[in-house]
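> Take this sequence and fold it.
(chains A and B)
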Amino acid sequence: MVTPVVAPVAAAGAFHLLWLVIAFPLAGAAFVLVGGVLAPRVVNAVGRHVAVLMALCSFAVSVVLVVADANRASGQRQVVQHVYDWIDTAHLHVGMDLLYDPLSALFLLLVTGVGSLIHIYSLGYMAHDERRTRFFGYLNLFVAAMLMLVLSENYLGLFLGWEGVGLASYLLIGFWQHKPTAAAAAKKAFVMNRVGDMGLSLAIALCFTTFGSTSFTVISHHTATTGSDRLTALGLLLLLGACGKSAQVPLQAWLLDAMEGPTPVSALIHAATMVTAGVYLIVRSNFVFSLAPDARTAVVVVAMVTIFWGAILGCAKDDIKKVLAGSTMSQIGYMMLGAGLGPVGYVFAIFHLLTHGAFKANMFLGAGSVMHGMDDDVDMRHYGALRKALPVTFATFCFGYLAIIGFPGFSGFWSKDKIIDAAFGQHWYLGALAVLAAGITSFYMTRLMLMTWFAGRRWRDGVHPHESPAVMTGPLVVLAALSAAGGLLLAGDWIVHWLAPVVGQAPETSGGLASWEVSVITVVVVALGILAAWLAVGRRPVPAVAPAKVAWPIAAARQDLYGDAINEIFVVEPGRQLTAALLAIDKGGVDVVMTGGPAAVGAYGGVLRSLQNGFVRSYALSVFGGALVLVLVLLVVNWR
Amino acid sequence: MHTVTPYLALSTILFTIGAVGVLIRRNAIVVFMCVELMLNAANLALVSFSNLHGNLDGQVAAFFVMVVAAAEVVVGLAIIMTIFRSRRSASVDDASVLKW
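Reported below is the predicted structural model:
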């Protein structure tokens, strides 16, 4: 098959509004964050409502655009809007260009749609936080940066958004900065993301040197005639960037700690949108990866390791948000797997990304609702039998649960099955591993369900679980509906045709198993996972305190599979040794040379200055003594 | 023995008394008088040599010294008085803070 190129037409009609999608939330962020300094009383009163309104406006524009785009012919659906010249030098031209194509259209709907729902939810969730206005400013900043990421027509603009979401993520993870754990988690996320960003910035530099441009249009026209070594290097660097942002092994350790942030942040940034930016990057760069099979192999390996890494973490954690975070890591692994499979998988990576964005945001917000009712307790061992106390949250959570385990008919069933199907088409063992991971997924999600909603109540004293206000349950209901109905995107292969201008039409899979066989196998394995969870958790009371004596895999998983220890041994400690060595060289070598001269002069001056004792008579004595010496010298010199 | 020898001897004695006084006395007024003594010893020597050589150069120089000494008295006494007012002491050893 021929890799499609990016060949956009100039913006016309409704597409002149494209820049507004970014401008609305950016203006909201500026209003809240800058205005909060200039006119704090006004902003404290209306700031959060303005922020919600800006997110909704952005969503409205996105809907208008997608309708306008759908009415165009398939070949006319890529639109570019030139906003202004960003960098304009002799050899380097980078425009602030926005690219609207079927891929960014889907992301626009996801980011602004889920983003708006989470803004609304946060009105309730953050109602009692005295710094809530600033929170909404950061949320708007995040949405603006994320939209910049998915709308840019070149890698440099994408990088701008990439760093912007990193900044917003840092600010929001550390939003409760009075907690040392939150401050540390924010720093950890920021530093680990820098490692990935280094890969992305090197990739951009490689684009400059190879293609003389960072524009998707230019690069996609030239990759077919570029050497495969270059493309493989480019693909691996992009993968490094994607690993950092999407919490893939080996840069996965920050995601679980990032759960220190407020729950809406976990839902928006660390489940639905930002962490999926790595998948977007790879699918967007399909014109590179389609021609670099070695880089795709690396993507598949990383994805497969991460699927299991996240799933195993999810099985052992007792913190409800960390279970969901491990699950997010694992599900993004599925998306990366889809993207790594190449043209047969790009579409389904994005499809799973969209359905996951809905059902995982739903479950995170549901977890937030539970925490809201449980005095911010996140330990599932303190939950139990909450289905009566929080009926709406329970009902919506069930939709998310059924979607993620892939219950037939729910959105996750369609999207995950397609990826597993594509994996079977590549190699049978890839498919088998993906199916096994689906079983583990159903195990840990069932465990979460049983510990939270069923089993006996293990509430702490003084905790009175209650249902959340309508402003919080409303978004849950919407997201639950999307979790259930997300599979409709696949009806009539709509999403495949929709994304065809970007990623091309996938070739018919040959060999492997038939689709229905894959579905049956997956459903059976998922059912086995549920059964295993019931045997392990459901049939006997859950201990209110985590058992200390457990088998070694559980102990390892509780320690994040020693991710921190690995970083400590292989990165932190060598780094510390290096800085210690550099410091010793600086102190023992450079400093001695540089300060030795001045120190000698200073010591000499110290001796001389004791002569300046302030006693005028001693000065007089030195004057007389000097005169006497002078006279004697004259006598000696003139002696005949 | 020349006719000016006694004058030069007197000049030497006066200068020595002045120099020793400057070095050993603490009272600023006395130190100041000793400085005057040294200046006048120098004047005496100048005048003596002027007489010996039979021209007026030395006497002119002596006049200059007197003028400078008069100016010096004005400034010096003013300083001593100011120090005395602020510190209730005329000892030169007490005014020793002006150092490194």
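
> can we go C-alpha only for contacts and neighbour counts from here?
OK.

> So, low pLDDT: which residues of chain B?
By pLDDT under 70, the weakly predicted segments of chain B are B:1, B:100.

> Nearest to chain A within it, name that residue for me.
residue B:96 (4.2 Å; C-alpha to the nearest C-alpha).

> so residue A:95 sits in a helix?
No. Read with DSSP: H, G, I helix; E, B strand; the rest coil, residue A:95 is strand and lies in no helix.

> Can you give me the pLDDT of it?
If you check residue A:95, the pLDDT there is 89.

> for residue A:174, same thing?
94.

> Correct me if wrong: it contacts residue A:182.
Yes. Counting by C-alpha atoms under 8 Å, residue A:174 touches residue A:182, with 5.0 Å between them.

> got the residues of chain B near chain A?
By the rule C-alpha under 8 Å from any C-alpha of the partner chain, the part of chain B lying against chain A is B:22, B:23, B:24, B:92, B:93, B:95, B:96, B:97, B:98, B:99, B:100.

> In TSV, list these along with neighbour count.
Formatted as TSV, the residues of chain B next to chain A follow (neighbours: other C-alpha atoms under 10 Å in any protein chain shown):
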residue	neighbour count
B:22	23
B:23	17
B:24	12
B:92	19
B:93	17
B:95	16
B:96	13
B:97	10
B:98	10
B:99	11
B:100	9
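
> Count the neighbours of residue A:564 for me.
Using other C-alpha atoms under 10 Å in any protein chain shown, residue A:564 has 16 other residues around it.

> Spit out the contact partners of it.
Contacts for residue A:564 (C-alpha atoms under 8 Å, 6 or more residues apart in numbering or on different chains) come out as residue A:253.

> The residue in chain A positioned nearest to chain B in helix, strand or coil?
Residue nearest to chain B within chain A (C-alpha to the nearest C-alpha): residue A:614, separated by 4.2 Å. Put simply, residue A:614 is coil when judged by three-state DSSP.

> excluding its backbone neighbours, what's nearest it?
residue B:96 (4.2 Å; C-alpha to C-alpha, 6 or more residues apart in numbering or on different chains).

> shared neighbours of residue A:174 and residue A:182, anything?
A:260, A:261.

> so residue A:250 touches residue A:243, yeah?
Yes. With contact defined as C-alpha under 8 Å, residue A:250 reaches residue A:243; the gap is 7.3 Å.

> between those two, who's got more neighbours?
More crowded of residue A:250 and residue A:243, by other C-alpha under 10 Å: residue A:243, with 31 against 15.

> How many neighbouring residues does the closest residue to residue A:275 other than its chain neighbours have?
By the measure of C-alpha to C-alpha, 6+ apart, the closest residue to residue A:275 outside its immediate chain neighbours is residue A:246, 4.2 Å from it. A count of nearby residues for residue A:246, using other C-alpha under 10 Å, gives 30.

> residues touching residue A:246, list them.
A:252, A:274, A:275, A:276, A:277, A:278, A:279, A:329, A:332.

> Quick check: pLDDT value at the first one.
It refers to residue A:252. 91.

> Report the secondary structure state of the residue nearest the centre of chain A.
Nearest to the geometric centre of chain A sits residue A:275, at 3.0 Å (C-alpha atoms, centre = their mean). Here residue A:275 is helix, with the state taken from three-state DSSP.

> My guess is it contacts residue A:243. True?
No. Between residue A:275 and residue A:243 there is no contact under C-alpha under 8 Å: 9.4 Å.

> follow-up on the earlier one: how much space between the residue of chain B closest to chain A and residue A:612?
10 Å (C-alpha to C-alpha, to the nearest Å).

> Stretch A:194-209: which residues count as buried?
A:194-208 (16 or more other C-alpha atoms under 10 Å in any protein chain shown).

> What about those residues, which are in helices?
A:194-208 (DSSP state H).

> How many residues are close by residue A:373?
Neighbours around residue A:373, by other C-alpha under 10 Å: 19.

> Is it in contact with residue A:472, as I believe?
No. With contact defined as C-alpha under 8 Å, residue A:373 does not count as touching residue A:472 (11.8 Å).

> Quick one: residues contacting residue B:29.
B:80, B:90.

> Send me the helix or strand hosting residue A:599 as CSV with only the CA atoms.
Following DSSP states H and E, one finds residue A:599 within helix A:591-609. Only the C-alpha atoms of helix A:591-609 are listed here, as CSV (Å, rounded to 0.1, in the frame of the first residue of the first chain):
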residue,chain,number,x,y,z
ASP,A,591,38.8,26.3,42.5
VAL,A,592,42.4,25.9,43.7
VAL,A,593,43.8,27.5,40.5
MET,A,594,41.2,30.2,40.3
THR,A,595,41.2,31.2,44.0
GLY,A,596,44.8,30.5,44.7
GLY,A,597,46.1,33.8,43.3
PRO,A,598,43.6,36.0,45.0
ALA,A,599,44.1,34.1,48.3
ALA,A,600,47.8,34.7,48.2
VAL,A,601,47.2,38.4,47.6
GLY,A,602,44.7,38.5,50.4
ALA,A,603,47.1,36.8,52.8
TYR,A,604,49.9,39.3,51.9
GLY,A,605,47.4,42.2,52.4
GLY,A,606,46.4,40.7,55.8
VAL,A,607,50.0,41.0,56.9
LEU,A,608,50.3,44.5,55.6
ARG,A,609,47.1,45.7,57.1
